[in-house]
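A.B. asks: this one's structure only:
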């Protein structure tokens, strides 16, 4: 039987509200959805960057506040996750270039699909890195992380030891279900920029995963 604490309930309730609003706007006013709600540097994208930054800050807090007495591999895992999600937050808003009015360098103007200062929109050999790495590879990683790892963690001691040793938060089943439900709901939304909502859901659910993973005990102070 799945159980939820108060924070998880609030997080899922918030996602439900966002999805209901996204579906309503998506079906009734697709122009507003694409050009305002889910536009570059607007509500959804900024909220996604904020959630990714929160995960990074959570990891940094654990690194400094709970790292005493932990193994080098534990510290490495927590610190690398902090860097990963900080990178994701920066990429989401093109490292604040539109916020601060910074012009892209000549390299990014010539090689970035949106002429922005970020890596995920770079075009290499006529193909966008976003499609190759940030879509296809990320999707494969998500399938392994959300479906395969939780099963193996429960059944294989070597997987359990590996995940715990490198401080990899293991997904609870209701978090996996939340991802699957989010995928289905977002796929129904008509406007093209609906995947911005999906990225935001990714941020919220991952924040809950990192805050309350199955192996929460690995983040306790020794």
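C.D. replies: Looks like it arrived, so ask away. Keep in mind that what you see is a predicted model, and the values were worked out from it rather than measured. Numbers count the residues shown, from 1 in each chain.
A.B. asks: which is the next helix or strand following the helix or strand of the chain with the lowest mean pLDDT?
C.D. replies: Least confident helix or strand of the chain, by mean pLDDT, DSSP states H and E, is helix 129-131 with a mean of 64. Where DSSP states H and E defines the elements, the next helix or strand beyond helix 129-131 is helix 138-143.
A.B. asks: How about residues contacting that following helix?
C.D. replies: Helix 138-143 has contacts (CB atoms under 8 Å, 6 or more residues apart in numbering) with residue 179. Placement of C-beta: from N, CA and C, glycine included.
A.B. asks: Off-centre distance for whatever helix or strand comes next after that helix?
C.D. replies: Counting by DSSP H and E, the next helix or strand C-terminal to helix 138-143 is helix 149-155. Helix 149-155 has its C-alpha centroid displaced from the chain centroid by 21 Å (CA atoms, centre = their mean, to the nearest Å).
A.B. asks: so what does helix 149-155 touch, helix or strand wise?
C.D. replies: Other helices and strands packing on helix 149-155, by 3 or more CB pairs under 8 Å, 6 or more residues apart in numbering; DSSP states H and E, are helix 157-165.
A.B. asks: let's go with 10 Å and repeat that
C.D. replies: helix 157-165, helix 173-188 (3 or more CB pairs under 10 Å, 6 or more residues apart in numbering; DSSP states H and E).
A.B. asks: separation between residue 162 and residue 216?
C.D. replies: According to CB to CB, to the nearest Å, residue 162 stands 17 Å off from residue 216.
A.B. asks: any weak-confidence spans in this structure?
C.D. replies: Within the chain, the stretches with pLDDT under 70 are 1-2, 99-102, 109, 111-136, 222.
A.B. asks: My guess is residue 41 contacts residue 95. True?
C.D. replies: No. Using CB atoms under 10 Å, residue 41 is not in contact with residue 95; the gap is 11.7 Å.
A.B. asks: So which of residue 162 and residue 216 has more stuff around it?
C.D. replies: Neighbour totals were compared for residue 162 and residue 216, and residue 162 leads with 15 against 12 (other CB atoms under 10 Å).
A.B. asks: nearest spatial neighbour of that one, skipping sequence neighbours?
C.D. replies: residue 168 (7.8 Å; CB to CB, 6 or more residues apart in numbering).
A.B. asks: what about the one you found, which SS state?
C.D. replies: Recorded secondary structure, residue 168: coil (DSSP: H, G, I helix; E, B strand; the rest coil).
A.B. asks: For the residue of the chain most remote from its centre, give its distance to residue 34.
C.D. replies: What lies farthest from the middle of the chain is residue 106; by CA atoms, centre = their mean that is 29.6 Å. Separation of residue 106 from residue 34 (CB to CB): 30 Å.
A.B. asks: Could you do residue 186 as well?
C.D. replies: For residue 186, the distance to residue 34 - CB to CB - is 14 Å.
A.B. asks: do residue 81 as well
C.D. replies: 32 Å.
A.B. asks: Neighbour count: these two, which is higher?
C.D. replies: Using other CB under 10 Å, the more surrounded residue of residue 81 and residue 34 is residue 81, with 22 against 18.
A.B. asks: check contacts around the more buried one.
C.D. replies: Neighbouring residues of residue 81 by CB atoms under 10 Å, 6 or more residues apart in numbering: 55, 56, 58, 59, 60, 62, 63, 166, 167, 168, 169, 210.
A.B. asks: can you check residue 42 too?
C.D. replies: 35, 36, 193, 196.
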